[in-house]
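got a predicted model here, sequence first, then my questions.
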Amino acid sequence: MSSKIKGDGKITYEYDSMGRVYKTKECDGEGDCVVSIHEFDLANRIVEERREDIKGNVLTKVSYSYDSAGNRNKVTTYVGKEELITTTTYNSRGLPIKIVDPANAETHFDYKYDFYNSFGQAVPFSQTTDSLGNITEEIKDTQGRVATVIRKNSFGDLLHKTEYYYDLNGNKIRQLDSITNQPNKIAKKIVSESTYDCMNRVVTTTEAVGSVDQN
């Protein structure tokens, strides 16, 4: 067990036999305490998180289940006597292909491994379709960085397109947003730019470059 002082309060940590923090007790200056508990399985994965008051009454509780590949495939949030369940299905690469939320709304994910960008380079491509049929496409560059995000409605019409550009150090230096005022018709383009110092720290960020909204 260990503890530290935080302002007028105190935080106490308790460890299990594996040396993991499984219980954190936070008390304020008035003596009111909340206990956070993490339970693990034999594979060192969190299977339950809960918060309790000092009397042991459960305030919040979430449990987790995993598939045979170790992917977290079920999250159960307990609200009173109600269980809110979110399930996730994965492909053989460990990437999610379907998420079903507590309202039974489904989000589907699709991946292409033979996609080529405008430079003829093979790059990662993914498509997300929400429960309303809206589509988000994400194209990465050869370094695995997000290069383009395209949003479409359920009819496949373009709504918004964002392109990202990077310097040789991987810093995002330019963002180009193409905005439509009606499906498939781009009304305006907005450019945002950033500069960095020799330690790759942001020095300046300019939004809406070259427009009356520049700041």
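Looks like it arrived, so ask away. The structure displayed is predicted, hence computed values, not measured ones.

isn't Y196 up against V203?
Yes - counting by CB atoms under 8 Å, Y196 touches V203, with 6.0 Å between them. In this view, the C-beta of every residue, glycine as well, is placed from N, C-alpha and C.

looking at those two, which is more packed in?
Y196 (15 against 8; other CB atoms under 10 Å).

contacting residues for the more buried one?
D167, N169, N171, I173, V202, V203 (CB atoms under 8 Å, 6 or more residues apart in numbering).

and the residues you listed, which two are the farthest apart?
Farthest pair in the contacts of Y196 (CB to CB) is N169 and V203. Separation: 13.3 Å.

want to try TSV for the contacts of Y196, with pLDDT, distance to T148 and secondary structure as columns?
Formatted as TSV, these follow (pLDDT from 0 to 100; distance: CB to CB, whole Å; DSSP: H, G, I helix; E, B strand; the rest coil):
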residue	pLDDT	distance to T148	secondary structure
D167	98	18	coil
N169	97	20	coil
N171	98	18	coil
I173	98	16	strand
V202	97	22	strand
V203	97	26	strand
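
please indicate which of these are buried?
Among the contacts of Y196, not one is classed as buried by 16 or more other CB atoms under 10 Å.

burial of the nearest residue to K140 once chain neighbours are set aside, as a residue count?
Nearest residue to K140 in three dimensions, chain neighbours excluded: P124, at 4.4 Å (CB to CB, 6 or more residues apart in numbering). P124 is flanked by 17 other residues according to other CB under 10 Å.

what of T162?
If we define neighbours as other CB under 10 Å, then T162 has 18 of them.

ditto for the one 10 residues further on
By other CB under 10 Å, the residues close to K172 number 17.

could you do the one 3 residues further on as well?
The number of residues packed near Q175 is 17, by other CB under 10 Å.

in the sheet, who's paired with the residue nearest the centre of the chain?
In the chain, the centroid-proximal residue (CA atoms, centre = their mean) is P96; its distance is 12.8 Å. Beta-bridge partners recorded for P96 (DSSP bridges): Y90.

okay, domains of this protein per the record?
1-85, 105-214 (the TED database).

now those domains as JSON lines including distance to N91?
Shown next, in JSON lines, are those (distance: least, CB to CB, whole Å):
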{"stretch": "domain 1-85", "distance to N91": "10"}
{"stretch": "domain 105-214", "distance to N91": "7"}
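
closest one to S92 among those domains?
domain 1-85 (8.4 Å).

so for the closest one, mean pLDDT?
Mean pLDDT, domain 1-85: 91.
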